[in-house]
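J.: sharing a sequence plus its predicted fold:
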Protein chains: 2
Amino acid sequence: VTNRPNRQIVLARRPEGTAKESDFRLVEGPMPVPGAGEALVRVIFLSVDPYMRGRMSDAPSYTAPVPVGGVMVGGTAGEVVESKDASLKPGDLVEGYLGWQEYGVAKAADLRRLDPAAAPVSTALGVLGMPGLTAYFGLLEVGRPKPGETVFVSAGTDAKVEHVRRELGFDAAFNYKTCGEFGRALDLACPSGIDVYFDNVGGPITDAVMERINLRARVVICGQIAGYDRRGTEQGPRNLWQLIVKRARIEGMLVSDFYDRAPGALAELGRWVREGRLKYREDVVDGLENAPRAFLRLFRGENMGKQLVRVGADAPSV
Amino acid sequence: VTNRPNRQIVLARRPEGTAKESDFRLVEGPMPVPGAGEALVRVIFLSVDPYMRGRMSDAPSYTAPVPVGGVMVGGTAGEVVESKDASLKPGDLVEGYLGWQEYGVAKAADLRRLDPAAAPVSTALGVLGMPGLTAYFGLLEVGRPKPGETVFVSAGTDAKVEHVRRELGFDAAFNYKTCGEFGRALDLACPSGIDVYFDNVGGPITDAVMERINLRARVVICGQIAGYDRRGTEQGPRNLWQLIVKRARIEGMLVSDFYDRAPGALAELGRWVREGRLKYREDVVDGLENAPRAFLRLFRGENMGKQLVRVGADAPSV
């Protein structure tokens, strides 16, 4: 291990309202040193995800916030450069939770070995990682769609609309930010009503969806990105009455509750990807210094597929 | 059967906003005549319930609205005066769905025989009827409280607060209309958070409750009386984010879905009443002509217990 500095992105301040680049700061920290049972990992890909907005705030949540001045947390795929555990050796590719930095240390038990021959390592942060597992368990275990039912997934932007319609084979899609009155777009897209609403967005569109749910509908609350920048003042569904009329259910899910079943789910997701039945797309921004910019794209819906940051593809091994 | 007129309350017009007495009209209709398999019933008690506000509106719901000029629907307890079915005879006391009128006809199969020695007939419209079954199935089947958990039921007015605290043995209660900031009242009443929220009210208090739910909390949407007069513009919960944080569930329930299991539930409720473990209170207004006034009391929270209208206690048998 050299004395090379370890570039890191830290939380400069807690955002007020919309998060912005100046809420982050690029710093140079010391190169971490692995202890017994640990490994030093060089980060190749960093995942930026909407949940990180919650970590920037000190409002009560399901886990502790990032302290001001602390390295931003996040999932990573990288290469072992030094190992103090028999289960890992230099050159091994691993998925872990090392945060927004070039190098990190983790217990070997917290690192998942990746096989680059089976799938690109970047997929360990997307379709074959936390986001893929969220869709898998959220849809199959909480939403439980049955044949013939209508599933509605909230997301946005015109480019995405084209993508899900042409490449992913969805029956219909519309841009909730530009379609004008949601109700008409929903009526056209879902003429038989909605049985499963997989909600990543929250906000006003939920009112329109709730007016169109079918009997025994299931609403999976996976994310509420429309409200993350204005918690406490966001608009909520005004028609819980519909839950009575339709004997429907709204349920919040957190993928980590299902992690004990991740190995089986990842095996199935991997098989679907290889068979071409599950399609995915990645949106890669280069350079750790651009991680804040990549993160903020999520809140404007600018990412086209899983947003990743390529941190150290060209960096020499230490 | 005489030619005595049958007084009825009909829907005069669909309410705009808050329902008022002029939305109803007292009329004299013909005395109905039972056909084969039917019985003519003299109504003794009429039940007025919040759900009837939905029947006055033609907004889509789980059942058809009352037509303008039609007799208001509602549950009744009464006495058979003429029967064209072998299962019933004059003098039998029955619970049925005859509406806001002095006399009605129903199929014998739709009338439930009551035993006045077992319980007062009025209870067939309250603790041992639809409202009792709503509480029974909503709490036990949907909310599923476990020992040690905190259950919060939304309702209001100072008189009710005293009643549930002193007579019903609740740990705590407060008047959501006058307590000021809900949050502090909730913190005092529920220091360990809320596991089951049985919501009859909806509106702003739900925000405060949602901020205090525990992990795996269950919210039972039984009613939304705060919003019945202003559907579509009512305030909803702004923090579905909490559903993710707490992996909680909001579920709408309709008691009629459980009616196939009513006999067993009514037997258990009756036993609890006889043993003094289940307490109830009734609030009786006299005279069919006062049914609209009795109904409107519900929306101001003025009823103290199950709101009933005594229709024909003193009327002679026809």
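T.: Yep, that arrived. Numbering: from 1, shown residues only, chains lettered A, B, ... in the order given.

J.: please, which helix or strand holds the residue most central in space within chain A?
T.: Nearest to the mean C-alpha position of chain A, by C-alpha atoms, centre = their mean, lies A:D49 at 4.2 Å. Under the criterion DSSP states H and E, no helix or strand holds A:D49.

J.: dump the residue contacts of it.
T.: If you count contacts by C-beta atoms under 8 Å, 6 or more residues apart in numbering or on different chains, A:D49 has them with A:G74, A:G75, A:M130, A:P131, A:L298, A:Q307. C-beta: built from backbone N, CA, C; applies to glycine.

J.: correct me, but the third one touches A:Y51?
T.: No. The pair A:M130 and A:Y51 fails to qualify as a contact (C-beta atoms under 8 Å) at a distance of 9.1 Å.

J.: re earlier: for the residue nearest to the centre of chain A, grab phi and psi.
T.: When read as degrees, to the nearest 10, the backbone of A:D49 gives phi -140, psi 150.

J.: distance of it from A:D187?
T.: Distance, A:D49 to A:D187, using C-beta to C-beta, to the nearest Å: 32 Å.

J.: again with A:A294
T.: According to C-beta to C-beta, A:A294 and A:D187 sit 36 Å apart.

J.: so for the two, which sits in the more crowded spot?
T.: A direct count of neighbours by other C-beta atoms under 10 Å in any protein chain shown for A:A294 and A:D187 places A:A294 higher, at 23 against 14.

J.: I figured the more buried one hits A:V48, correct?
T.: Yes. A:A294 lies in contact with A:V48 (C-beta under 8 Å); the separation is 5.1 Å.

J.: now the common contact residues for the two.
T.: Residues touching both A:A294 and A:V48 (C-beta under 8 Å, 6+ apart): A:Q307, A:L308, A:V309.

J.: how about the strands in the stretch 101-250 of chain A?
T.: Assigned by DSSP state E, counting those that start in this stretch, the stretch 101-250 of chain A shows strands spanning A:103-107, A:112-113, A:151-153, A:194-199, A:213-221, A:249-252.

J.: show residues contacting the second one.
T.: Here strand A:112-113 makes contact (C-beta under 8 Å, 6+ apart) with A:L88, A:D92, A:L93, A:V94, A:E95, A:G96, A:A124.

J.: low-confidence regions, the stretch 1-150 of chain A specifically.
T.: By pLDDT under 70, the low-scoring segments of the stretch 1-150 of chain A are A:1-2.

J.: which residues of it fall in helices?
T.: Secondary structure of the stretch 1-150 of chain A by DSSP state H, counting those that start in this stretch: the helices cover A:52-55, A:130-137.

J.: B:Y228 is nearest to which of those?
T.: helix A:52-55 (34.7 Å; C-beta to C-beta).

J.: work out the gap between the closest one and the centre of the chain.
T.: 11 Å (C-alpha atoms, centre = their mean, to the nearest Å).

J.: now it - C-alpha only, CSV.
T.: Output of helix A:52-55 as CSV, limited to C-alpha atoms (Å, rounded to 0.1, in the frame of the first residue of the first chain):
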residue,chain,number,x,y,z
MET,A,52,-29.1,8.7,-0.1
ARG,A,53,-31.1,12.0,0.1
GLY,A,54,-32.5,10.6,3.3
ARG,A,55,-29.0,9.9,4.6
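
J.: helices or strands next to it in the packing?
T.: Judged by 3 or more C-beta pairs under 8 Å, 6 or more residues apart in numbering or on different chains; DSSP states H and E, helix A:52-55 has no packing partners among the helices and strands.

J.: what's in contact with it?
T.: With C-beta under 8 Å, 6+ apart as the test, helix A:52-55 has contacts from A:15, A:19, A:61, A:63, A:65-66, A:72-74, A:225, A:228-229, A:295, A:299.

J.: same check, this time on stretch A:28-41
T.: A:1-8, A:71, A:76, A:78-85, A:88, A:94, A:96, A:98, A:101, A:103-109, A:111, A:318.

J.: and the end-to-end length of it?
T.: One end of stretch A:28-41 sits 17 Å from the other (C-alpha to C-alpha, to the nearest Å).

J.: distance from that stretch to the middle of the chain?
T.: Taking C-alpha atoms, centre = their mean, the mean C-alpha location of stretch A:28-41 is offset from the chain mean by 26 Å.

J.: the contacts of strand A:112-113 in strands, which ones?
T.: Among the contacts of strand A:112-113, DSSP state E puts A:L93, A:V94, A:E95, A:G96 in strands.

J.: restricted to buried residues, select those residues in PyMOL.
T.: Buried residues among the ones in strands among the contacts of strand A:112-113 (16 or more other C-beta atoms under 10 Å in any protein chain shown), as a PyMOL selection:
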select buried, chain A and resi 93+94+95+96
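
J.: by neighbour count, which of the shared contacts of A:A294 and A:V48 wins?
T.: Neighbour count (other C-beta under 10 Å) singles out A:V309 as the most crowded of those, with 27 neighbours.

J.: mind listing what the residue in the stretch 101-250 of chain A that chain B sits nearest to touches?
T.: With C-beta to the nearest C-beta, the shortest gap between the stretch 101-250 of chain A and chain B falls at A:L243, namely 2.9 Å. Contacts were defined as C-beta under 8 Å, 6+ apart; by that measure A:L243 touches A:R249, A:I250, B:I221, B:I250, B:E251, B:G252.

J.: again, but for A:V219
T.: Per C-beta under 8 Å, 6+ apart, neighbours of A:V219: A:V196, A:Y197, A:D199, A:V209, A:M210, A:I213, A:A248, A:R249, A:I250, A:E251.

J.: go with 6 Å
T.: Counting by C-beta atoms under 6 Å, 6 or more residues apart in numbering or on different chains, A:V219 touches A:Y197, A:I250.

J.: which strand residues bridge it?
T.: On the basis of DSSP bridges, A:V219 is bridged to A:Y197, A:I250.

J.: now do A:R7
T.: Here A:R7, judged by DSSP bridges, has bridge partners A:E28.

J.: scan chain A for its longest helix.
T.: Scanning chain A for the longest helix, with DSSP state H as the assignment, gives helix A:262-274.

J.: if you count neighbours, what's buried in that one?
T.: Buried positions in helix A:262-274, judged by neighbour count with 16+ other C-beta under 10 Å: A:A262, A:A265, A:L266, A:L269, A:G270, A:W272, A:V273.

J.: what's the distance between the residue nearest to A:R297 when sequence neighbours are not counted and A:G54?
T.: In this structure, A:R297 finds its nearest non-sequential neighbour in A:N303, 5.0 Å apart by C-beta to C-beta, 6 or more residues apart in numbering or on different chains. Separation of A:N303 from A:G54 (C-beta to C-beta) stands at 18 Å.

J.: now swap in A:K246 and tell me
T.: Taking C-beta to C-beta as the measure, A:K246 and A:G54 are separated by 30 Å.

J.: near chain B, which residues of chain A?
T.: Contact residues (C-beta under 6 Å from any C-beta of the partner chain) of chain A with chain B: A:61-62, A:202, A:221, A:224, A:234, A:236-238, A:240-241, A:243-245, A:247-252, A:254.

J.: excluding chain neighbours, what is closest to A:R165?
T.: Spatial nearest neighbour of A:R165, chain neighbours left out: A:A173 (4.9 Å); criterion: C-beta to C-beta, 6+ apart.

J.: next one: stretch A:283-295 to chain centre, how far?
T.: For stretch A:283-295, the distance to the chain centre is 15 Å (C-alpha atoms, centre = their mean).

J.: and the residue of the stretch 1-150 of chain A closest to chain B?
T.: Nearest residue of the stretch 1-150 of chain A to chain B: A:Y62, at 4.7 Å (C-beta to the nearest C-beta).

J.: what number of residues lie near the residue lying closest to that residue once chain neighbours are set aside?
T.: Leaving out its chain neighbours, the residue that sits closest to A:Y62 by C-beta to C-beta, 6+ apart is B:V245, at 4.7 Å. Here the count is done by other C-beta under 10 Å, and B:V245 has 19 residues near it.
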